[in-house]
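Curious how this folds, go ahead:
(4 chains)
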2 protein chains.
Amino acid sequence: MKRPTIADVARHAGVSKGAVSYALNGQPGVSEATRQRILAIATEIGFSPSSAARALSAATAGAVGLALCRPARILGIEPFFMALISGVEAELSARSYALTLQVVADPDAEIAVYRRWWGERRVDGVLVCDLRTDDHRIPALEQLQLPAVVIGGPGGTGALASLWSDDAAALTETVEYLVALGHRRIARVAGLPDLRHTEIRTDAFAAVCQRLDLVDAVTVWSDYTGEEGGRATRRLLSSAQRPTAVIYDNDVMAIAGLSVAQEMGLTVPGDLSIVAWDDSPLCRLVHPPLTALGRDIPAYGAHAARQLLAVIGGEPGNRVQDETPQLTPRGSTAPPRVR
Amino acid sequence: MKRPTIADVARHAGVSKGAVSYALNGQPGVSEATRQRILAIATEIGFSPSSAARALSAATAGAVGLALCRPARILGIEPFFMALISGVEAELSARSYALTLQVVADPDAEIAVYRRWWGERRVDGVLVCDLRTDDHRIPALEQLQLPAVVIGGPGGTGALASLWSDDAAALTETVEYLVALGHRRIARVAGLPDLRHTEIRTDAFAAVCQRLDLVDAVTVWSDYTGEEGGRATRRLLSSAQRPTAVIYDNDVMAIAGLSVAQEMGLTVPGDLSIVAWDDSPLCRLVHPPLTALGRDIPAYGAHAARQLLAVIGGEPGNRVQDETPQLTPRGSTAPPRVR
DNA sequence: GACGTTCACTGAACCGGATAAGCTGAGCCA
DNA sequence: TGGCTCAGCTTATCCGGTTCAGTGAACGTC
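Next comes the predicted model:
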C-alpha cells in the first residue's frame, strides 16, 4: 500500500533527494557510477515518481483532454471515435502522456469542462472534435489560452491549430465516379447540419451537381443515427423520381439505408447504388459490402495528438491538412439498371 | 495564462490560505460571512484548485483508470465499450472524478500500465474489462493493492470486487426459446475462448443442449470480428446438417452471419434464425432486425463506477450481480421452415 | 476579575518531486 | 603551498493545496 517516494530511494542509496532527481532525469550533477546505483535501487524498490508532485513542481499535467459531446446513442455505434481514440492513445502513451476522457451533454457543458480542466491544471491541452458552424468553443478556448487542436475545418477554427481532411475533394470525386457509372439522380443523406464538415460536404455537393448539371440532386438531413438514416432513405426511395444512387454521411446511416432498400424490394446495386462515408469494418460486414470513403482514422488521431503535443511544447498552432478520404469501390455501387 | 491560486484568493480576501481552504471545502473554522465573501472572490477571479496540489496533499488522484486491451480493429467496431464508457463517465463526472483511458496491446502491457498508474498515483482505482480464464491481472492487482472492480465473472476474480451478469441464465433462456420455436439444430459462434464470459456461455450452452437432448448442437470459435464471424457462419451453413438457428457472441458477428446467409441464398428467418448477443442499435439497422440479448450497458458502466468509488472509499469489495441480459425477439427468429 | 470555553482565524508544516544555489574535496598549476 | 577550477554532491526553496497547533478576542461563569 505504501508506495516508495524519492526520499526512500535516496535513503537506500545513501544520497540526497536532489541527487536521485538528477540521476533519474538524466541531468548532469551525479557521477555515472552513482547514477547507475540509484537507477538500480529505484527499479528494485519499484519507485515511480508521483505524477501529482511532478505536475505541481513542473507546472505541467502530463495529460491531454478529450471531451465528446455527442449523445451516447450515437457515440456508441459509430466506430469513428474509438478508432480516433486508439490512434491518439498510441501517440500519447509513447510520450507517457495520459488521456483524460469526458462525455458531455452539449457544447456549453464542454466549454465548462475545458474551463475546469484548465483551472485545475488537469490537462496540458485538448483535442476538439465535431467542429460546428459558428462554434462557441473556439473563442472560449482562445480566451482561456488553453492549447488545443481542432479536428475539423478548414475554416472556423479561429487562431487555433487544426487538422482537417479535404472532404470537399472526396465528395466531388465520389459524385464524379457515380456520374461516370451512369447515375444522374444522386441523393445525399447528410449528418447534423450544424457540423462544419456537413456544411463543407453540402457546399461541395451543390457545386459539383451544378457543374455536372445534375438537376435532380437532393440533400436530405439526418442526425447520423441509423433510425433517421433509414427514415430519410425511405422518403427518398418513395418519391416519384427516386434516386439511383445515395451518398451517406456515415457508415451507420448507409447500413440502415441498405436495409431499407432491401425491405422495399430494391436490389443493391442494381436498383440503387450506395456510398458510405467513414469506411469501417461495418461496411465490409453487410451484403453487398459497401463502397465507402475511407481513411486511416487511427493515423488521423495520432497526427492530431502529435500536433497537440507540439502546440503544448510552444510551437505555433498551424493548420495541417491530413490525407484526403479515398473511395474504395465495393459491391454496393454499379451502373444503374435501365428502366 | 496565469491561473489564480489559493494565495491570490487569500490576498484578495485579506485572509490566510488556510481560511480560504476551509471556506471552499465547507469545513468549520470560518464565519459564514467570511465564507461567503471568500466564495464570491473565488468565483470572481475564476479560481479552481489545482488537482495536482490537491492530489499531492490529499494523497488521492481524483481519477479512475480504464485500460482496454482489445486490438483496435475490434475496439472500434463494437459499440459495447463506448456505451460502457459513457455510463462510467456519467457516474464519475457527477462526483468530479476524471476518467483516464489507455489502450494497450496485451494483458502484460495492461499490468504494466496498472503498476505505473498506481506508482505515479495517477489513479485511485481501475476498472478491469474482459476477464480471462486464469487471468494474470487479478493476482497482479491484488499484489499492488490497487482498488479495482472487475467487470466480469462470476468466479476468477480473486478477492477483488466484481460486477457480473448472469450470462448462463440468458443463454439458457435463449436456447429454450429457440427450441420452443421448433429448432433442434442450434449452433453457437463463440468469441475468444480464453475470455471468462465465453467460457461461462460455452458451459451453459453445453448444459442446456444436453438437458434438452440437442445432439446436433455445436459451438465454433471466433474472435468477435466480422470477418471471423462470417467465416464461421459459412462453415456452419456449408455442412451437411446445417443448423437452423445460430447464436452469436456479439452483434458484429451476428450481422456478418446475416450477410453470409443472404450471400448463400438463405432467407432469415425462414431458413436460418439468428440471435445476437449485445443488443445495440446495429441490430436494428439490418434487415431483418436481429433478435438480441441486450441489457442497459451505460447503466452497467455506471454501476461499476459506483462500485469502484465505494471500494476506493474503503468499503469491502464484494461481488455484485447486475441485470441479466434480456432476450428481445425481432425479425431474425422464427420457427424453422419445414424441409 | 480570574478563569475556562468557544469562535474565527493565522502560521507553519507537510505532501513528493524539481531545481537553483551552496558547499566540499580532489586535481591541477604556478 | 596557496589558489583555482570543477565535478559531485547537499541544502534549501518552491509548486499549491490541506491540516494541525496555536493565538487573541469575546463571552459566560462563579
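
can you tell me how far the residue of chain A found nearest DNA strand C sits from A:I41?
Here the residue of chain A nearest DNA strand C is A:I6; by C-beta to the nearest atom of the strand that distance is 2.7 Å. To be clear about C-beta, it is placed using only N, CA and C from the backbone, and glycine gets the same treatment. Applying C-beta to C-beta, to the nearest Å, the value for A:I6 to A:I41 is 11 Å.

Next: A:A94.
For A:A94, the distance to A:I41 - C-beta to C-beta - is 27 Å.

next one: A:A148
41 Å.

do A:F81 as well
43 Å.

repeat for A:A59
Relative to A:I41, A:A59 is positioned 28 Å away (C-beta to C-beta).

So for those two, which sits in the more crowded spot?
Each of A:A59 and A:I41 has its neighbours counted (other C-beta atoms under 10 Å in any protein chain shown); A:I41 has more, 21 against 12.

Is DNA strand D within reach of the helix or strand where the more buried one lies?
According to DSSP states H and E, A:I41 maps onto helix A:32-44. Yes: interface with DNA strand D: helix A:32-44 contributes A:A33, A:T34 (C-beta under 7 Å from any atom of the strand).

Likewise for stretch A:5-16?
Yes: for a cut-off given as C-beta under 7 Å from any atom of the strand, stretch A:5-16 has contacts with DNA strand D, namely A:G14, A:V15, A:S16.

Not counting its neighbours along the chain, what's nearest A:A109?
A:C69 (7.0 Å; C-beta to C-beta, 6 or more residues apart in numbering or on different chains).

Test my guess that that neighbour contacts A:D130.
Yes: the criterion here is C-beta atoms under 8 Å, and A:C69 meets it with A:D130 at 6.7 Å.

tell me the contacts of A:I138?
A:I138 makes contacts with A:V150, A:G156, A:T157, A:G158, A:L160, as judged by C-beta atoms under 8 Å, 6 or more residues apart in numbering or on different chains.

I figured the fourth one was touching A:R137, is that so?
No: between A:G158 and A:R137 there is no contact under C-beta under 8 Å: 9.7 Å.

Of those two, which one has the most company?
Remark: of A:G158 and A:R137, A:R137 carries more neighbours, 23 against 15, as counted by other C-beta under 10 Å.

now the more buried one: how far from A:Q145?
Distance from A:R137 to A:Q145, counting by C-beta to C-beta: 14 Å.

Same question for A:L181.
50 Å.

of the two, who's got more company?
Counting neighbours by other C-beta under 10 Å for A:L181 and for A:Q145 shows that A:L181 has the greater number, 16 against 11.

Local confidence estimate at the residue of the stretch 151-300 of chain A found nearest DNA strand D?
As assessed by C-beta to the nearest atom of the strand, DNA strand D sits closest to A:L160 within the stretch 151-300 of chain A, at 24.7 Å. pLDDT for A:L160: 96.

residues near it, how many?
22.

what stretches of chain A score poorly on pLDDT?
For chain A, applying pLDDT under 70 flags the ranges A:1, A:71-77, A:339.

where do the strands sit along it?
A:63-68, A:98-103, A:125-128, A:148-151, A:161-164, A:186-190, A:218-221, A:245-248, A:273-277, A:291-294, A:319-321, A:326-328 (DSSP state E).

which stretch among those comes nearest B:T324?
Closest to B:T324 of these, according to C-beta to C-beta: strand A:98-103, at 26.2 Å.

Excluding covalently adjacent residues, which one is nearest to A:A140?
Excluding its sequence neighbours, the residue lying closest to A:A140 (C-beta to C-beta, 6+ apart) is A:I111, at 4.6 Å.

which residues sit in contact with that neighbour?
Applying C-beta under 8 Å, 6+ apart to A:I111 gives the contacts A:H136, A:R137, A:A140.

That's all I had, so thanks and see you.
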